[in-house]
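Return atomic coordinates for the entry below.
(one chain, ligands or ions: 1)
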Amino acid sequence: MKYSKLHLAVSSYILFLSLVTFAQEENTLDLWYNQPATEWMTQALPIGNGYVGAMFFGGIQEEHIQFSEGTLWSGGPDSNPDYNFGIRKDAHKSLPKVRALLKEGKKAEAHKIAQSQFTGIIDTGKQYNADFGDYGAQQTMGDLYIKVGHSGDVNNYKRGLDISKALGKVEYNIGKDTYKRTYFGNYPSSTMVYRLESSKKTDYEIRFETPHVMVSQNFNDGIYSFDGKVSDNGMPFETKISLKLSDGKITYKEGIIYIKGAKDVVILNTSATGYTLKYPSYSGNDYKAANNAVVQKWKSITFENLKKEHIADYSNLFDRVSLNLGERPKVDIPTNERLIAYANGSKDNALESLYFQYARYLMISASRPKTMSMNLQGKWNHSTNPPWAADYHSNINLEMIYWPAELTNLSECHEPFLDYIESLVEPGKLAAKEFFDTRGWMVNTMTNAFGYTSPGWGVDWGFFPTGAAWFSQHLWDHYDFTQDETYLKEKAYPIMKEAALFWIDYLTKDDHGNLVSTPSYSPEHGGISEGASMDHQIAWDILNNSLKAAAVLGIEDEFTTTAKVTRDAILKPKIGSWGQLQEWTEDVDDPKSDHRHVSHLFALHPGNQISTAQTPELAEAARVTLNARGDSGTGWSRAWKMNFWARLNDGNRSHKMLKNLLKPVADTSIEMSTAGGTYANLLCAHPPFQLDGNMGGASGMVEMLLQSQSGIIELLPSLPDAWPTGEVKGLKARGGFELDIQWENALVKEATIKGKPNQSGEIKVNNTLISFQLNGDGVYRYSDKH
Ligand code: FUC
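Numbers count the residues shown, from 1 in each chain. Next comes the predicted model:
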């Protein structure tokens with residue numbers, strides 16, 4: 001007994017020392033490489049200021065910085081006067097027929113009508129920038145190229161990202177001369193900042209290239225301006241570049257800025273477009289005024305102040321959460337090699353925590369209040385015709401991209417998505433009316449910057465009216481984590497209610513009196529159905545959350561009465577013949593299917609209808625399903641499985657999925673089933689690059705350390721054996737709580753819960769349920785010693 005107490009004391013002292021050492025250690029949150037990038041997708045490094053996402057290559061003779069601004073899109077109303085959000089007028093007239101055919105089991109015929117009527121309309125042609133025609137696609141804005149006038153052998157080359165401060169770096173020597181570049185995205189000043197320093201006076205040539213139409217370009221008072229437009233819709237944009245030199249001379253000729261003999265060059269870049277996130281025109285932003293305001297600020301702000309402002313702004317968000325998984329970071333190994341070593345079995349917990357923090361870095365860099373919502377690639381897109389239009393997919397991707405927002409204390413970064421959801425309500429109501437003659441609003445599998453809320457143009461992947469209700473889970477979560485009642489009343493509840501109304505009208509009674517979704521399609525799997533389980537679970541979720549919201553707001557009315565009756569009559573998740581959770585009403589799941597979507601487990605995660613504690617049989621069925629689907633998949637599929645296993649309290653399996661997600665991948669072409677993993681730049685490979693896996697990976701790591709969806713705050717609910725010792729600070733739990741947890745030998749040693757003074761709740765810690773009340777300062781401390 002005595003011995004074990006002493007042993008504990010010694011080991012906690014060692015833990016304490018190691019945590020202190022880590023905290024003091026520099027560069028623990030660096031990605032770095034000893035070669036310039038040659039490939040955008042897998043090697044270049046992402047930086048951003050919320051508005052703009054940029055990728056830098058770190059080229060020696062020529063630096064290449066590609067960038068896009070989130071609102072720059074092709075397609076939409078200005079590309080086609082007939083653009084109508086994809087809506088097919090009067091399509092609902094076919095609804096009774098399709099439902100009747102499905103009832104009779106005539107699926108092929110039902111599918112045929114659904115394909116002709118329940119699909120959205122797009123116009124394609126050569127005049128459009130991208131494959132999906134007037135649906136449009138997110139657009140790169142262009143590329144900055146910087147030729148550096150030096151020659152000779154390069155030594156000590158290093159290119160990297162310090163994600164603790166959001167600074168990009170390139171450093172090398174040629175002979176005795178040193179070259180150093182510092183890059184960052186400053187959100188408060190809406191500026192991308194690139195500094196090039198050299199010990200020797202150096203010449204540069206800087207040019208901007210774009211695939212878009214040039215309206216004009218000029219260079220006045222040290223500022224280069226490029227006015228452009230997207231060819232198919234005429235969307236105007238402007239990018240402005242200022243140059244500040246310590247010494248040397250600038251000249252300009254025909255689009256190229258020449259710098260002679262400078263030791264220190266600061267390049268400031270700001271960009272804006274004419275896009276406005278507002279139905280129905282989506283245009284009219286005074287982008288010139290926006291840019292001019294930034295340029296005014298440039299007149300009086302120094303590089304150091306821009307950097308200070310950036311670090312203060314970034315740290316305010318980033319520093320809220322720290323994660324230490326109890327191992328010394330392998331800072332001496334380039335990140336690409338570290339990833340390979342990890343895949344080959346070398347333990348590297350610090351790479352896992354780096355991956356976690358990288359997701360937060362990416363979110364802070366790409367999603368800030370009043371900027372466009374992140375898309376499939378966050379804000380990083382180098383194409384005019386990117387995969388899946390770099391748009392907004394609702395059948396897993398966009399939600400996953402925002403999963404870590406509330407969990408990892410980045411509630412503000414959630415806002416662009418919440419604003420985007422709001423912008424879909426009006427067009428989504430029109431679509432719901434024409435396609436299904438329902439109240440409320442819907443959005444289907446794919447949606448763009450211009451209110452496209454109709455089903456996609458192929459029924460087998462595009463039919464998913466469920467998107468609106470799934471998006472709306474985020475509206476509720478934002479309240480659940482922040483407890484902001486004004487927001488709930490004024491913004492969230494009205495949108496949630498409209499999403500719920502759609503389901504109240506769309507669901508129909510089956511022969512046993514259960515409410516089912518017909519027609520429905522389990523995302524991209526199986527065929528048209530009289531009841532995809534995911535629809536039922538998501539309809540349950542939006543109705544349930546709407547009722548919770550109404551209760552908070554003290555609303556009891558006809559809607560809440562109907563919502564309750566409807567929720568309780570929805571067909572419940574079912575267990576099938578081989579013990580699996582059924583994907584459809586019919587017991588037809590194929591035990592050999594390893595399809596990437598595991599949609600029918602929504603109720604387990606991110607839903608809350610299935611849990612090991614409340615519904616153990618259904619949880620077991622979810623386990624059977626997951627075992628059948630296997631541990632592979634696309635990037636996001638692996639990430640989702642991490643979250644599922646964590647919700648099933650299987651930390652080791654969840655950790656195995658993290659390893660699978662971190663599998664090094666170089667392939668950049670579209671692969672739909674099992675080739676997922678991580679690129680050398682730690683961006684997630686679907687493949688190709690999609691941000692969802694990065695974000696789903698981070699949320700999965702939180703699910704292993706902290707869960708609160710049941711109303712009880714569970715500490716270390718799914719801790720893997722690989723993380724016996726560690727510390728996490730600043731994670732959020734529902735109810736508005738913030739938690740610090742320190743653990744050793746897989747048991748919580750200390751925990752701190754912060755919230756409102758005297759707030760109470762329950763925690764499950766070291767297998768014990770404890771009721772707590774925060775003190776007058778809003779703090780409660782747990783220690784395993786008492
Ligand atoms: C969904 C997925 C695909 C891909 C696409 C962007 O349709 O089924 O795997 O992630 O979104």
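
just checking, next helix/strand downstream of the helix or strand of the chain with the lowest mean pLDDT?
Within the chain, no helix or strand scores below helix 2-24, which has a mean of 43 by mean pLDDT, DSSP states H and E. Heading C-terminal from helix 2-24, the first helix or strand you meet, by DSSP states H and E, is strand 30-33.

Distance from that following strand to the middle of the chain?
Centroid separation for strand 30-33 versus its chain: 22 Å, with C-alpha atoms, centre = their mean, to the nearest Å.

Next SSE downstream of that strand?
Sequence order places strand 45-48 as the next helix or strand after strand 30-33, per DSSP H and E.

how far is that following strand from where the chain is centred?
That offset, for strand 45-48, works out to 15 Å (C-alpha atoms, centre = their mean).

following that strand, which helix or strand comes up?
Following strand 45-48 in sequence, per DSSP H and E, is strand 52-56.

Direction included, what does that next one pair up with?
Sheet pairing of strand 52-56 (DSSP bridges) gives strand 45-48 (antiparallel), strand 62-69 (antiparallel).

What lies in contact with the last one?
Judged by C-beta atoms under 8 Å, 6 or more residues apart in numbering, the contacts made with strand 62-69 from elsewhere in the structure are 40, 44, 51-57, 138-148, 170, 181, 183, 192, 194, 196, 237, 269, 271-273, 379-382. C-betas here are computed from N, CA, C, even on glycine.

Could you list which of the residues you listed belong to strands?
Counting by DSSP state E, the part of these found in strands is 52-56, 142-148, 170, 181, 183, 192, 194, 196, 237, 269, 271-273.

Confirm for me that L507 is in contact with S520.
No. Look at L507 against S520 with C-beta atoms under 8 Å: they stay out of range, at 10.0 Å.

What are the buried residues along whatever helix or strand S216 lives in?
S216 is part of strand 213-220, with elements assigned from DSSP H and E. For strand 213-220, the neighbour count (16 or more other C-beta atoms under 10 Å) marks Q217, F219 as buried.

could you check the angle strand 213-220 makes with the helix or strand following that strand?
The helix or strand immediately downstream of strand 213-220 is strand 223-229, counting by DSSP H and E. If you take axes from the mean of the first three to the mean of the last three C-alpha atoms, to 10 degrees, strand 223-229 sits at 170 degrees to strand 213-220.

Give me the buried stretch members for strand 223-229, please.
Buried positions in strand 223-229, judged by neighbour count with 16+ other C-beta under 10 Å: Y224, S225, F226, D227, G228, K229.

Please apply the same query to stretch 330-345.
Quick answer for stretch 330-345 (16+ other C-beta under 10 Å): K330, V331, I333, P334, T335, N336, R338, L339, A341, Y342, A343.

residues making contact with it?
By C-beta under 8 Å, 6+ apart, stretch 330-345 touches 25, 27-28, 30-34, 43, 160, 348, 350-351, 659, 662-664, 678, 680-682.

got a list of what I311 touches?
K165, A166.

ok, it to M372 distance?
24 Å (C-beta to C-beta, to the nearest Å).

Likewise for D391?
Distance from D391 to M372, by C-beta to C-beta: 12 Å.

Please apply the same query to E485.
27 Å.

Comparing these two, which shows the higher neighbour count?
Set side by side, E485 and M372 show more neighbours around M372, with 24 against 14, by other C-beta atoms under 10 Å.

Wasn't that one part of a strand?
No. In this structure, M372 is coil, not part of a strand, as judged by DSSP: H, G, I helix; E, B strand; the rest coil.

Once you drop chain neighbours, what's closest to it?
G70 (3.2 Å; C-beta to C-beta, 6 or more residues apart in numbering).

Which pLDDT value goes with the closest residue to D90 other than its chain neighbours?
Excluding its sequence neighbours, the residue lying closest to D90 (C-beta to C-beta, 6+ apart) is E434, at 6.5 Å. Per-residue confidence (pLDDT) for E434: 98.

quick one: the helices in the stretch 651-786 of the chain?
For the stretch 651-786 of the chain, helices defined by DSSP state H, counting those that start in this stretch occupy the ranges 651-661, 692-705.

repeat for the stretch 301-450 of the chain
Counting by DSSP H, counting those that start in this stretch, the helices of the stretch 301-450 of the chain are 303-318, 335-343, 349-366, 397-402, 404-407, 411-436.

one step back: quick one, which of the contacts of stretch 330-345 are buried?
For the contacts of stretch 330-345, buried by 16+ other C-beta under 10 Å: 28, 30-33, 43, 160, 348, 350-351, 659, 662-664, 678, 680-682.

For this structure, what lies in contact range of the ligand?
Contact residues, the chain versus the ligand (C-beta under 6 Å from any ligand atom): L376, W388, H393, N395, N397, E524, R596, T634, W636, M672, H686, Q690.

Is the third one bridged to anything, and to what?
According to DSSP bridges, M446 are recorded as the beta-bridge partners of H393.

Against which helices or strands is whichever strand or helix holds A289 packed?
A289 is part of helix 287-300 when elements are defined by DSSP H and E. Secondary-structure packing of helix 287-300 (3 or more C-beta pairs under 8 Å, 6 or more residues apart in numbering; DSSP states H and E): strand 236-245, strand 256-273.

want to try JSON lines for the ones you listed, with mean neighbour count and distance to A746 as columns?
Output for those, formatted as JSON lines (neighbours: other C-beta atoms under 10 Å; distance: least, C-beta to C-beta, whole Å):
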{"stretch": "strand 236-245", "mean neighbour count": "21", "distance to A746": "52"}
{"stretch": "strand 256-273", "mean neighbour count": "21", "distance to A746": "49"}
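
about what we covered before: restricted to buried residues, select the ones in strands among the contacts of strand 62-69 in ChimeraX.
In ChimeraX, this line selects whichever of the ones in strands among the contacts of strand 62-69 come out buried by 16+ other C-beta under 10 Å:
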select :52,53,54,55,56,142,143,144,145,146,147,148,170,181,183,192,194,196,237,269,271,272,273
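
contacting residues for the nearest residue to P717 once chain neighbours are set aside?
Excluding the flanking residues, the one nearest P717 by C-beta to C-beta, 6+ apart is Q707, at 4.7 Å. Counting by C-beta under 8 Å, 6+ apart, Q707 touches A646, R647, I713, E714, P717, S718.

looking at it, the fourth one is touching E762, isn't it?
Spelled out, it's E714. No. With contact defined as C-beta under 8 Å, E714 does not reach E762; the gap is 9.5 Å.
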